[in-house]
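Chemist: Okay, here's the prediction I keep looking at, along with the sequence it came from:
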Amino acid sequence: MHDDRSLVEARLRRVLDERIRPAVYPESVPLDVAVWHAPGEPVPVDEGLAAEPEPIEVGARWGAPWGTSWFRVTGTVPEEWAGRTVEALLDLGFDENMPGFQCEGLVYRPDGSPVKGLNPRNQWVRVGAPAEGGEQVRLHIEAASNPVILDYHPFRPTWLGDKETAGREPQYTLTRMDLAVFDETVWQLVIDLEVLGELMAELPADAQRRHEILRAVERALDAVDLQDVNGTAAQARARLADVLSTPAAPSAHRISAVGHAHIDSAWLWPLRETVRKVARTTANMTALIEDEPDFVFAMSQAQQWAWVKEHRPEVWARVKKAVAEGRFVPAGGMWVESDTNMPGSEAMARQFVHGKRFFLEEFGIENDEAWLPDTFGFAAGLPQIIRAAGSTRLLTQKISWSQTNKFPHHTFQWEGIDGTRIFTHFPPVDTYNCSMKGSELAHASRNFKDKGRARHSLAPTGWGDGGGGTTREMVAKAARVRDLEGSAAVVWETPEQFFDKAEAEYPDPPVWVGELYLELHRATLTSQAKTKQGNRRSEHLLREAELWAATAAVRTGFPYPYEELDRIWKTVLLHQFHDILPGSSIAWVHREARATYERIATELARIVDAAQRALAGEGDRPLLFNAAPHGRGGVPAGGAAQEQPSGEVTVSDRPEGGHVLANGLLRIEIDARGLVVSAYDLDADRETVAPGAAANLLQLHPDFPNMWDAWDVDAFYRNAVTDLTQTDELTAGEEGVRIVRSFGSSRVTQVLSLAPGERRLLIDTEVDWHETEKFLKLAFPLDVHAERYASETQFGHFHRPTHTNTSWEAAKFEACNHRFTHLDEPGWGVAVVNDSTYGHDVTRSVRTDGDRGTTTTVRVSLLRAPRFPDPETDQGIHHFRHALVPGAGIADAVREGWRINLPERRVTGGREVAPLVTVDNDAVVITAVKLADDGSGDVVVRFHEAHGGRARATLTANFETRGVMVTDLLERPLTDVAAPALEENGVPLRLRPFELTTLRFTRA
């Protein structure tokens, strides 16, 4: 038999495109259209409905960037269409390749009730099935003219990312506004042929099944009269019935399809637009649930649910109904799908506290899975947090984006720094926007790494990033491949149903230990420095506000600010979304974030000040309040006392040029270039800086990645570097040594200082940054031979190698730390601590002359200057504080990391303040002291072992208590843990390495 496969397949493509798809709507009449353009920001629904529109014709331009236009469409169903299915086709100027990335709309009835959303892959509104002849049609569309930021030529700088720079040029052309007859038989034929054509393309060319499908498709095409598609579609479908009913092989891969619409809480659109994106998507999904009895939709991010409840109560009512039916499922149990690398310990915990609590309070539903399909890597401290929140499972697919190494598992146990394991699944479909294409299903089946031991995977199905969700076409395709030979078998299921099956069939999966590092998007640890600083400072201000407010409430009756703290926490958590905190959103998002962080800082400072004044009382005694978890200068952790004198610092000239700082513990030599050429630990009689090298070295690299400008730094950036060694000024005074440098269009001012009795060199850096596509690093070449180094993460620290033996290690050329990095040899180490930076790199080299020792270089990432999506990323003045800590063990690194982020506050008052709680072992770090969220007045204390070893301690409540219990993160008692002993208000502790514990004290 001659091979005519290519001929039939080409015939299928053309007939589908040019004859069958157009016949889905065989008859149409135009609608009358009028429009009112809202003058500024979006208006309430009733105002948009009441506005008086002006006529507009199809083909007209409309929609200034970020504008809102209210279209009114009216018409009459022709009498001859009575009894047929009629839909309105409403094309605002869509590009079907950009769902979620361009204009969108939400359709309303005249009474203000929502109908459904409009987007490039969902342009229809059902009018009648069957329709009545002469029926009047009147619909209103709230249309958002969101500009296209990520266009066909991506990553080009654009000013469209902020309404203040975007201009007023109309963005879209009104394309189609019609009433049309919907021929469901033809539509079903389209789905039949698409499913079979896509399946056929994935089967081997010599497979029997492929040729059976080919011949069936040929017979169906023969049955179609191209001049009467609507009259012959049923006959064509009949010829496909047999090939569509052949069941899947018993060994076929099983896919749990979960309706999904990954909606970035901000990205290439501002927060206020996400509120509307969520409303459009949820309106669509509740409508689809009503039409499709098997369909199940899952939505994460409690913040987005809260937006629907607050801003679209009419949509919220439909959502609640669908949730009650088990068809619209809360997923993930987090406030937002946050970044997980940079949020601090408490913030990461509170993501789950506020997310889970929302779903529990609204629906009585508790999620067992964390749902993070698009987050840029996963910190090694996360498994313990997930477990402490009462969950046991994780889903993500982002690691499939890694550029260098292919992750070896799709279903596995993920083990964190404390030994906690979480059952984890990476969907092998490799997308969170699955559309039920044959190529996607075949890829999931072929790609699945756990064949022979497991056979189930999950496919998040629906248009995402900018929302939109699942379409009726996807549901129809899924129905055909539920049990179809040659295809993976697909069934709609909830995340819980999938995980139950996956765990049951794979009770002993492989284990991955440590971070899940994404070998991509490494620059998100540095881009938009002020957003990152706002996050770090907000986290520590919240710690202070809770600590001092709780202490004052117990000691003085100070009114604990429950509502304010709840609101502020949720705002901070929102801004940890994985395109805000990482710095990968448009300029508008980061401009608003900076203003939000300033407002938060003012409000929290007011709470802290009021609580401290209530504690200190009236008087003129100078007091230091210490919010850090370790005592300092005679001031206890969590208390206030008078400062104790601690020695002096000398500043002298260096004979070779430059200056010398000394305080009896350290001797710092700064040469004429303003570089640290010696940091001598006097007690250890040891040099910190590698021979022939200099620390505090600013280095400037070109930084133009191949793609994803704000997200990526590619390894080749290291091929060229400029050491910034020229000085404009070098002076010494009481504040320390001041260095001023100019380079390019920028200027750096640094002050290097020692404090009495402290083993740390403080480095205050101000950068007036006006570079483009450059990367600024601060380097510390250290005379330390270390094969690994530690970086702080949530509730502990994590070790990474300093070498690049394998491709896995080489790929980690930029990594994340929280407050410190630390490296050591047995008995002596060095820490670099920071107040607001996250990105860093650590490399090692062997000196070829002299002592032939090892130089290990820690470099802190300060600033970048990508031009997409914000063309002015990080331009302006920035302030950073770092410290070099010679002779530091891991305990010193932990302590100094906290200290630089929580400086003492000076308050005048009449009395010292004893800590509300104390612990007698510095290895046990208290991360939160607060009153219970339920308003009971109970005191909640959260702590962890921070040094990486076993710890025994006694935690003492310095107030009258009636009892104590161990709780989860939501402050609920753990039923499988015995109540701890309470001996004279003290609780004896025995902690494993990095173990996290929450205690709840009932006050007497």
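Modeler: Everything's here; your move. What you are looking at is a predicted structure, and each value in this text was computed from that prediction instead of being measured. Numbers count the residues shown, from 1 in each chain.
Chemist: How about Val860, nearest residue that isn't a chain neighbour?
Modeler: Distance criterion CB to CB, 6 or more residues apart in numbering; nearest residue to Val860, sequence neighbours excluded, is Leu778 at 4.4 Å. (Each C-beta comes from the backbone N, C-alpha and C, glycine too.)
Chemist: For the one you found, I want the exact helix or strand it lies within.
Modeler: strand 774-782 (DSSP states H and E).
Chemist: hmm, back to that, across the sheet, point out what pairs with the residue nearest to Val860.
Modeler: Assessed by DSSP bridges, Leu778 has beta-bridge partners Leu698, Val860.
Chemist: I'd like the distance between it and Ala611.
Modeler: Separation of Leu778 from Ala611 (CB to CB, to the nearest Å): 36 Å.
Chemist: Same question for Pro645.
Modeler: Counting by CB to CB, the gap between Pro645 and Ala611 amounts to 28 Å.
Chemist: Of the two, which one has the most company?
Modeler: Here Pro645 and Ala611 are set side by side on neighbour count (other CB atoms under 10 Å), and the busier one is Ala611, at 27 against 9.
Chemist: Check for me that the more buried one belongs to a strand.
Modeler: No: counting by DSSP: H, G, I helix; E, B strand; the rest coil, Ala611 is not part of a strand but helix.
Chemist: From here on, call the first residue 44.
Modeler: New numbering, starting at 44: the last item is Ala654.
Chemist: what sits against Leu945?
Modeler: Leu945 makes contact with 583, 586-587, 669-671, according to CB atoms under 8 Å, 6 or more residues apart in numbering.
Chemist: With neighbour count added, can I get the residues you listed in JSON lines?
Modeler: JSON lines is the format used below for those (neighbours: other CB atoms under 10 Å):
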{"residue": "His583", "neighbour count": "21"}
{"residue": "Arg586", "neighbour count": "27"}
{"residue": "Glu587", "neighbour count": "20"}
{"residue": "Asn669", "neighbour count": "25"}
{"residue": "Ala670", "neighbour count": "25"}
{"residue": "Ala671", "neighbour count": "24"}
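Chemist: Checking my notes, Tyr640 in a helix, right?
Modeler: Yes: counting by three-state DSSP, Tyr640 is part of a helix.
Chemist: Run the chain-centre distance for stretch 799-817.
Modeler: Mean-position distance between stretch 799-817 and its chain equals 28 Å (CA atoms, centre = their mean, to the nearest Å).
Chemist: same thing with stretch 247-255?
Modeler: 44 Å.
Chemist: Take it, keep the C-alpha atoms, and write them as CSV.
Modeler: Listed in CSV are the C-alpha atoms of stretch 247-255, where the atom choice follows Å, rounded to 0.1, in the frame of the first residue of the first chain:
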residue,chain,number,x,y,z
PRO,A,247,5.0,6.1,15.7
ALA,A,248,4.8,6.4,12.0
ASP,A,249,4.6,2.6,11.6
ALA,A,250,2.1,2.1,14.4
GLN,A,251,-1.1,0.2,13.5
ARG,A,252,-3.2,2.6,15.6
ARG,A,253,-1.9,5.6,13.8
HIS,A,254,-2.9,4.2,10.4
GLU,A,255,-6.3,3.2,11.8
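Chemist: Any idea how many residues pack against the nearest residue to Ala422 once chain neighbours are set aside?
Modeler: With CB to CB, 6+ apart as the criterion, Ala422 has its nearest non-adjacent residue at 4.7 Å, and that residue is Thr836. Other residues near Thr836 come to 25 when the count uses other CB under 10 Å.
Chemist: Please name the residues that touch Thr836.
Modeler: Thr836 touches 422-424, 460, 558, 859-861, counting by CB under 8 Å, 6+ apart.
Chemist: ok, now Thr111?
Modeler: Contacts of Thr111 (CB under 8 Å, 6+ apart): 80-81, 84-86, 91, 185-188.
Chemist: top of these by neighbour count?
Modeler: Counting neighbours by other CB under 10 Å, the one among the contacts of Thr111 with the most is Ala186, which has 27 neighbours.
Chemist: Using the three-state scheme, assign it.
Modeler: Going by three-state DSSP: Ala186 is strand.
Chemist: For it, list each beta-bridge partner.
Modeler: Beta-bridge partners, per DSSP bridges, of Ala186: Ser112, Gly148.
Chemist: can you tell me which residues contact it?
Modeler: So Ala186 contacts 105-106, 111-114, 135, 146-148, 161 (CB under 8 Å, 6+ apart).
Chemist: So Val272 versus Asp226, what's the distance?
Modeler: For Val272, the distance to Asp226 - CB to CB - is 9 Å.
Chemist: Compare these two and say which is more crowded by neighbours.
Modeler: Val272 (22 against 19).
Chemist: was I right about that one contacting Thr228?
Modeler: No: between Val272 and Thr228 there is no contact under CB atoms under 8 Å: 9.7 Å.
Chemist: what packs against the strand or helix carrying Arg262?
Modeler: Taking DSSP H and E as the criterion, Arg262 maps to helix 251-266. Using 3 or more CB pairs under 8 Å, 6 or more residues apart in numbering; DSSP states H and E, the elements in contact with helix 251-266 are helix 48-58, helix 227-245, helix 272-281, helix 284-287.
Chemist: Name the residues that touch the last one?
Modeler: Okay, so that is helix 284-287. 235, 238-239, 255-256, 259, 523, 527.
Chemist: And stretch 890-904, by the same measure?
Modeler: 568-569, 733-736, 742, 818-829, 832, 845, 857, 864, 866, 873, 875, 877, 880-889, 925.
Chemist: Which of these fall within strands?
Modeler: Mapping the contacts of stretch 890-904 onto strands (DSSP state E) picks out 742, 818-825, 832, 864, 866, 873, 875, 877, 882-889, 925.
Chemist: filter these to the buried ones?
Modeler: With burial judged by 16 or more other CB atoms under 10 Å, the buried subset of these is 742, 818-825, 832, 864, 866, 873, 875, 877, 882-887, 925.
Chemist: can you give me the helices in the stretch 44-193 of the chain?
Modeler: When assigned using DSSP state H, counting those that start in this stretch, the helices of the stretch 44-193 of the chain occupy the ranges 48-58, 88-93.
Chemist: do you know which of those lies nearest Thr1004?
Modeler: helix 88-93 (51.8 Å; CB to CB).
Chemist: Which of the helices or strands spans His861?
Modeler: Here His861 sits in a region with no helix or strand, counting by DSSP H and E.
Chemist: Quick check: closest non-adjacent residue to it.
Modeler: Using CB to CB, 6+ apart, the closest residue to His861 is Glu835 (4.0 Å).
Chemist: Is there a neighbour count for the one you found? I'd like the number.
Modeler: 27.
Chemist: so it sits right up against Ala874, yeah?
Modeler: No: between Glu835 and Ala874 there is no contact under CB under 8 Å: 9.8 Å.
Chemist: Please identify every residue contacting each of these two.
Modeler: Common neighbours of Glu835 and Ala874, using CB under 8 Å, 6+ apart, are 863-864, 936, 940.
Chemist: Out of these, which is nearest to Val791?
Modeler: For these, the residue nearest Val791 by CB to CB is Thr864; the value is 21.6 Å.
Chemist: Can you tell me how far that closest one is from Thr770?
Modeler: 27 Å.
Chemist: repeat for Phe401
Modeler: Taken as CB to CB, the span from Phe401 to Thr770 is 54 Å.
Chemist: which residues of the stretch 244-393 of the chain fall in strands?
Modeler: In the stretch 244-393 of the chain, the strands defined using DSSP state E, counting those that start in this stretch lie at 297-302, 340-342, 371-373.
Chemist: Could you dump these into JSON lines and include mean neighbour count?
Modeler: Below are the strands of the stretch 244-393 of the chain laid out as JSON lines (neighbours: other CB under 10 Å):
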{"stretch": "strand 297-302", "mean neighbour count": "26"}
{"stretch": "strand 340-342", "mean neighbour count": "27"}
{"stretch": "strand 371-373", "mean neighbour count": "24"}
